[in-house]
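> based on what follows, work out the 3D shape:
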Amino acid sequence: MRAAARAAKTATDNTPTQLAILHEAGVVDAGGFGLQVIFEGFLKTVEESDPAAVPARPAGSGKALPAQRSLELPEEGWGYCTEFLIEGRGMSVEEIRDNIAGMGNSALVVGDEELIRVHVHTNEPAKVLAYASGVGTLARTKVDDMSKQHRVILDDTVPAEPQGNGKLAVADAQRKRPKIFKGLGVDAVVEGGQTMNPSTNDMLKAVESIPYDEVLLLPNNANVILAAQQVPDLTEKKLYLLGTRTVPQGIAAVVAFNPNRDAKANQLAMAEAANQVQTIEVTHAVRDTTANGVKVKKGDVIALINDKLKHSGSDYGDVVSLALKDIKPESYELVTVYRGDGAKDKDLKVLTEAIGRDFPGLEVEVQDGGQRHYPFILSVE
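From the prediction side, this is the model:
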């Protein structure tokens, strides 16, 4: 055992002569040193001497290793290390693992039906978070820009957190929807809705709560835009207002946010993303009326396309199919159905089956939106 311990130490001490990187750093091979400690521990035990006498660290200067220029940043970047927990009920770890793995690499998805931990390297963290927020409630969300970390290693002059880049404030999020927006990385959410629209002061407080000089504000409700337009005159921050009129537009805009762009560039990219989304809001008429040439009876199922009443009827599936035909569905790929509070399973089934039957080319996803006055809101993109 004494001979083995002595040979292990000799081999470990020689490792810097075998690898230039170890010599440059002034250290020995960590694995070799670990094996040396094991053998020396065995020896001390056999000889009944104090195990604490085993060296706590190997010899060597331990000088800092210069950044390795051979580790060049790939053209597409290293992506984002994205980590979070999903809390829910009846979740399928296998299904979530398969979906997450398709959005990046180095995916680790572990847990059970009520709590799942996710780690993944991806170029689209917002897409990953948007998917996960539809599965359950997100917690301990952490997104690190690995490309920036790499540049910090190569150049310690890179700032850790530029204060000039715009951050996000969102208005009109009802009950469960703040979780969706928070999961997408939004810094401040103003809760509201069709019957409790946030005021100018509510949005101002949200803007002021964000410790950045530049802020992007998304109203996400046509009825809130006018109040939002008053906020820039009341704050010393540089405020970039997006004219998002619906929640699906707001979600599309937030997903397009890129922390590496400046606020103005983000405003333009997010506005473009929002404009590519069609919104169909499905609810019930509260009275007899006629609007946009559409006759409506109290209790009818009605569909609004981008805030305008377009169709009414007695069946969710029929009304939604008519609305989808209006927006030329062949130009789109995905329909996300946000289920509201009180929406019935049977109505959801009728609606999704009608979409699958009449528009087989459209992929359908269902998420818990939590909105109070619309059983279903459809985002078409």
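> what about the stretch 101-250 of the chain, any weak spots by pLDDT?
Applying pLDDT under 70 to the stretch 101-250 of the chain flags the ranges 146-169, 171-179, 183, 192-196.
> what ranges does it have for its strands?
Using DSSP state E, counting those that start in this stretch, the strands of the stretch 101-250 of the chain run over residues 105-111, 115-122, 137-145, 167-173, 188-191, 214-218, 238-241.
> export those strands to a markdown table and tack on mean neighbour count and distance to D262?
In this view, the C-beta of every residue, glycine as well, is placed from N, C-alpha and C. Shown next, in a markdown table, are those (neighbours: other CB atoms under 10 Å; distance: least, CB to CB, whole Å):
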| stretch | mean neighbour count | distance to D262 |
| --- | --- | --- |
| strand 105-111 | 14 | 29 |
| strand 115-122 | 19 | 23 |
| strand 137-145 | 15 | 15 |
| strand 167-173 | 27 | 12 |
| strand 188-191 | 21 | 20 |
| strand 214-218 | 26 | 8 |
| strand 238-241 | 18 | 10 |
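> leaving out the residues flanking it, which one is nearest to F376?
Counting by CB to CB, 6 or more residues apart in numbering, V282 is the residue found nearest to F376 once chain neighbours are left out, at 4.3 Å.
> roughly how far does that neighbour sit from A274?
Separation of V282 from A274 (CB to CB, to the nearest Å): 20 Å.
> with E114 instead?
E114 is 35 Å from A274, by CB to CB.
> and for L115?
From L115 to A274 the distance is 34 Å (CB to CB).
> tilt between the helix or strand containing E83 and strand 115-122?
Element membership for E83 (DSSP states H and E) is strand 80-87. If you take axes from the mean of the first three to the mean of the last three CA atoms, to 10 degrees, strand 80-87 sits at 160 degrees to strand 115-122.
> thinking again about what came up before, I'd say the residue nearest to F376 and Y316 touch.
Yes. Counting by CB atoms under 8 Å, V282 touches Y316, with 6.7 Å between them.
> can you list residues touching both of those two?
Residues touching both V282 and Y316 by CB atoms under 8 Å, 6 or more residues apart in numbering: V301, L351, P375, F376.
> in three-state terms, label the residue lying closest to K9 once chain neighbours are set aside for me.
Leaving aside its chain neighbours, K9 sits nearest to Q36 (5.3 Å; criterion: CB to CB, 6+ apart). Counting by DSSP: H, G, I helix; E, B strand; the rest coil, the backbone at Q36 sits in helix.
> measure Q36 to A11 for me?
According to CB to CB, Q36 stands 8 Å off from A11.
> between those two, point out the one with more neighbours.
Neighbour count, other CB atoms under 10 Å: between Q36 and A11, Q36 has more, with 25 against 16.
> next, the contact list for that one, please.
Q36 neighbours (CB under 8 Å, 6+ apart): A5, A8, K9, A11, T12, P58.
> by neighbours, which of those residues wins?
Counting neighbours by other CB under 10 Å, T12 leads these with 22 neighbours.
> pLDDT score assigned to that residue?
You'll see T12 listed with a pLDDT of 71.
> that one is in contact with A30, isn't it?
No. Using CB under 8 Å, T12 is not in contact with A30, being 9.6 Å away.
> rewinding a little: run through the neighbouring helices and strands of the helix or strand the residue nearest to F376 falls within.
Assigned by DSSP H and E, V282 falls within strand 278-284. Contacts defined by 3 or more CB pairs under 8 Å, 6 or more residues apart in numbering; DSSP states H and E place strand 278-284 against helix 247-255, strand 301-305, helix 316-326, strand 376-380.
> give me every residue in contact with that strand, excluding its own residues.
245-249, 299-307, 316, 319-320, 323-324, 327, 332, 351, 373-381.
> re the thing from before, give me the pLDDT for the residue nearest to F376.
Looking at V282, its pLDDT stands at 96.
> identify the bridge partners of it.
A303, F376 (DSSP bridges).
> now it: how far from A130?
For V282, the distance to A130 equals 21 Å [CB to CB].
> so which of the two has more stuff around it?
V282 (23 against 20).
> would you list every one of the helices in the chain?
2-18, 20-25, 30-46, 93-101, 125-135, 146-154, 177-183, 200-208, 225-228, 247-255, 263-275, 316-326, 345-358 (DSSP state H).
> nearest to Y240, out of these?
For Y240, the closest of the helices of the chain is helix 263-275, at 4.3 Å, according to CB to CB.
> H119 pairs with what?
E83, L108.
> so what's it up against?
Residues in contact with H119 (CB under 8 Å, 6+ apart) are C81, T82, E83, S106, A107, L108, V109.
> do I225 as well
Contacts of I225 by CB under 8 Å, 6+ apart are P219, G243, R245.
> which one of those residues has the most neighbours?
The most neighbours of any of those, using other CB under 10 Å, belong to P219, which has 30 neighbours.
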